[in-house]
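Enquirer: Fold the following.
(one chain, ligands or ions: 2)
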Amino acid sequence: MATANRNLSHYDKDSIPDASHLKIGIVVSEWNEEITEGLYQGAHTTLVECGLKEDQLLRWNVPGSFELTFGCKKMIEELKPDAVIAIGSVIRGETQHFDFVCSATAQGIKDLNVNTATPVIFCVLTDDTLQQAKDRSGGTHGNKGTEAAIAAIKMAVLGK
Ligand SMILES: Nc1c(NC[C@H](O)[C@H](O)[C@H](O)CO)[nH]c(=O)[nH]c1=O
Ligand SMILES: CC(=O)[C@@H](O)COP(=O)(O)O
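Expert: Residues are numbered from 1 along each chain as shown. Ligands and ions are numbered 1, 2, ... in the order given. As a prediction, the model looks like this:
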């Protein structure tokens, strides 16, 4: 089902585990800051609504989506969160650079999920236009940051 056919912000709060005992990290890319800050606000608001204590929400910034993998790895090693959300916005330009950044970022975050015991949530928008990114970071299709926050809570308690 495409994003256009569902709202990224819709969730049943009663079905979400309590987050009051969790420590959640968020690593935010500074590229397309208007978009990534919107994603961060969606994630932050949802995590707090689900019980996360403000002092248990950790935030680091990195220059771009390509650096999300290193930032998440370093946060896992140094701060030991229960889960990490990687937030980025990649918007297609004139060259193939978009493809390389998206692929490397997705593969890097996938590798962290394989090689560490900490869930890393892929909250990276990969859009052809700025409008598509706006629509998915608090616009007409909701906020992928909300979706990522729910995934982070569910994965943090998986199997416990
Ligand atoms: N064009 C976008 C980038 N490019 C920068 C890379 O992510 C990286 O920071 C640089 O190549 C240095 O290693 N990053 C985004 O997050 N979004 C873009 O649209
Ligand atoms: C995703 C990118 O790196 C891209 O925005 C860079 O733009 P361009 O391909 O025009 O250099």
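
Enquirer: Pull the contacting residues for the closest residue to residue 62 other than its chain neighbours.
Expert: Closest residue to residue 62 apart from its sequence neighbours, by C-beta to C-beta, 6 or more residues apart in numbering: residue 71 at 4.2 Å. To be clear about C-beta, it is placed using only N, CA and C from the backbone, and glycine gets the same treatment. The neighbours of residue 71, taking C-beta atoms under 8 Å, 6 or more residues apart in numbering as the test, are 27, 60, 62, 86.

Enquirer: rerun at 6 Å
Expert: The contact partners of residue 71, taken as C-beta atoms under 6 Å, 6 or more residues apart in numbering, are 27, 60, 62.

Enquirer: I'd guess residue 21 is in a strand, am I close?
Expert: No. Checked against DSSP: H, G, I helix; E, B strand; the rest coil, residue 21 lies outside a strand; its state is coil.

Enquirer: and whichever residue of the chain sits closest to ligand 2, how many neighbours?
Expert: Residue of the chain nearest ligand 2, by C-beta to the nearest ligand atom: residue 93 (2.2 Å). Residue 93: 9 surrounding residues under other C-beta atoms under 10 Å.

Enquirer: Perfect, I'm done here.
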